[in-house]
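Peer 1: how does the following fold in three dimensions:
(one chain, ligands or ions: 2)
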Amino acid sequence: MAKTLLVTGGAGFIGANFVHYWLCQYPQDRVVVLDALTYAGNRANLDCVVGNAQLKFIQGDICDADLVEKLLREEGVDTLVHFAAESHVDRSILGPDAFIQTNIMGTYSLLKAAKKVWLDGASVKPHRFHHVSTDEVYGTLGPNDPAFTENTPYAPNSPYSASKAASDHLVRAYHHTYGLQVTTSNCSNNYGPFHFPEKLIPLVITNVLYNKNLPVYGDGLQIRDWLYVEDHARGIDLVLQKGAVGENYNIGGHNEWANIDIVKLIGKLLEAEFASDPRWAEKYPQAAAAMAGNTESLITYVKDRPGHDRRYAIDASKTGSELGYKPHESFETGIRKTVRWYLENDAWWRAVMDGSYKDWVAQQYS
Ligand code: NAD
Ligand code: TYD
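Peer 2: Ligands and ions are numbered 1, 2, ... in the order given. I've put the predicted structure just below:
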């Protein structure tokens, strides 16, 4: 049966990739995107599906419970997939307020509206509330610790991860107390198209292309477990189709990398792209010096992030054995695709980085 999804944060990095994936896999379903278009939200991220009659875009705040309630009722939503969040750890250190507001109060507002519409009427309506969370709620690992499982106790260390942990607990409580049909997924670091260039991988790609320094925090030996964004969408799909209500599912790709090695790898991939295709040197003349010599010369070690988690690693074996989850993309193929996407889509990231992004998008949609 066709579904109607409400996707919060669907104009952000992962949300937009999820919307592309969903409309392609399930063309009979309707998708309503609710997104406040903060600095990280970008209507252009939905351009390739913008003419699709199954997609509706609403600019609004998840903290507005009346708006959420209205959308759930008027659009006949049966499945809510909740991505909307403040998502950057460094910003959470500089200013936690927005993280508390959106990640905690915003999730609470969605839960309140969902309960009202789906549970509190004359009869309970068929529904699912899927909450998208992160492996960062589990805290940090030592070099030889086993990877995080769904039973690893929560130990968040940054205002970002603490606000995500709080939202996970609220989602759990709405299931246990009121019977809301919830699932939660905890995913490792994502990378891929439309990744906002304040995060490590797109920052490194775009900085090389501008011939700017590549800032590596501390000793650069912190480890992250990287997953191609479409594989995250695939994992959420499986949780929605086959996941047990009230359960948490880890999603990841068994792909641990030290930050410094990722930075060096991206440099090498860009050097190979420039060597094999003369279009790139024409398009990015500033990058020519680094490409001719050595992109590693751009690496600059900078002051470490306060409270920096040393290592994340996700054990997704429950999601594999119970739901049949397996990433499609290897890191080798995923990172190549990503580097190529940024080489080809400079209009997108230049606009984001030079601050004229909001004007650029306004022009596209005026
Ligand atoms: P993002 O910052 O790229 O996008 C967030 C989106 O939410 C933006 O479109 C923004 O406009 C929107 N938004 C923010 N506040 C809002 C509000 N109050 N109301 C409505 N919309 C609002 O984030 P992302 O990287 O796409 O992450 C999406 C989700 O996935 C988040 O919940 C994040 O915690 C989780 N997650 C991210 C990663 C990762 O590596 N990026 C990994 C695991 C989990
Ligand atoms: P980030 O992409 O911000 O994701 P998260 O903090 O959620 O894991 O950072 C990934 C890793 O890269 C993290 O260990 C911090 C590090 N990092 C740098 O070394 N330099 C940078 O400029 C950035 C943005 C991150």
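
Peer 1: contact partners for N186?
Peer 2: N186 sits next to 133-135, 137-138, 148, 150, 168, 248-251, 314 when contact means Cβ atoms under 8 Å, 6 or more residues apart in numbering. The way it works is simple: take the backbone N, C-alpha and C, and place the C-beta from them, glycine included.

Peer 1: let me know the helix or strand that it is in.
Peer 2: Assigning secondary structure by DSSP states H and E places N186 in strand 182-187.

Peer 1: look up how far ligand 2 lies from the closest residue to K115 other than its chain neighbours.
Peer 2: Using Cβ to Cβ, 6 or more residues apart in numbering and skipping residues adjacent in sequence, the residue nearest K115 is Y178, 5.6 Å away. Per Cβ to the nearest ligand atom, to the nearest Å, Y178 is found 31 Å from ligand 2.

Peer 1: what's the neighbour count on Y178?
Peer 2: Using other Cβ atoms under 10 Å, Y178 has 14 neighbouring residues.

Peer 1: verify the contact between it and A114 for me.
Peer 2: No - counting by Cβ atoms under 8 Å, Y178 does not reach A114; the two are 9.5 Å apart.

Peer 1: circling back: right, is the strand holding N186 up against ligand 1?
Peer 2: Yes - with Cβ under 6 Å from any ligand atom as the criterion, ligand 1 is reached by strand 182-187 at C187.

Peer 1: list the neighbouring strands of that strand plus their orientation.
Peer 2: strand 128-134 (parallel), strand 248-251 (parallel) (DSSP bridges).

Peer 1: ok, and the closest non-adjacent residue to whatever residue of the stretch 251-366 of the chain ends up closest to ligand 1?
Peer 2: Going by Cβ to the nearest ligand atom, ligand 1 is nearest to I251 of the stretch 251-366 of the chain, at 8.1 Å. Sequence neighbours aside, G235 is the residue nearest to I251 in space, at 3.8 Å (criterion: Cβ to Cβ, 6+ apart).

Peer 1: number of residues surrounding the one you found?
Peer 2: With other Cβ under 10 Å as criterion, G235 counts 26.

Peer 1: tell me the SS of it?
Peer 2: Look at G235: counting by DSSP: H, G, I helix; E, B strand; the rest coil, its state is helix.

Peer 1: return the set of buried residues in whichever strand or helix holds V339.
Peer 2: Per DSSP H and E, V339 falls inside helix 331-344. For helix 331-344, burial by neighbour count (16 or more other Cβ atoms under 10 Å) applies to F331, G334, I335, T338, V339, W341, Y342, L343.

Peer 1: name the helices or strands packed onto that helix?
Peer 2: strand 189-191, helix 200-209, strand 223-228, helix 259-276 (3 or more Cβ pairs under 8 Å, 6 or more residues apart in numbering; DSSP states H and E).

Peer 1: turn these into JSON lines, including mean neighbour count, mean pLDDT and distance to M291.
Peer 2: Shown next, in JSON lines, are the helices and strands packed on helix 331-344 (neighbours: other Cβ atoms under 10 Å; pLDDT from 0 to 100; distance: least, Cβ to Cβ, whole Å):
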{"stretch": "strand 189-191", "mean neighbour count": "24", "mean pLDDT": "98", "distance to M291": "22"}
{"stretch": "helix 200-209", "mean neighbour count": "23", "mean pLDDT": "96", "distance to M291": "8"}
{"stretch": "strand 223-228", "mean neighbour count": "23", "mean pLDDT": "98", "distance to M291": "24"}
{"stretch": "helix 259-276", "mean neighbour count": "18", "mean pLDDT": "96", "distance to M291": "4"}
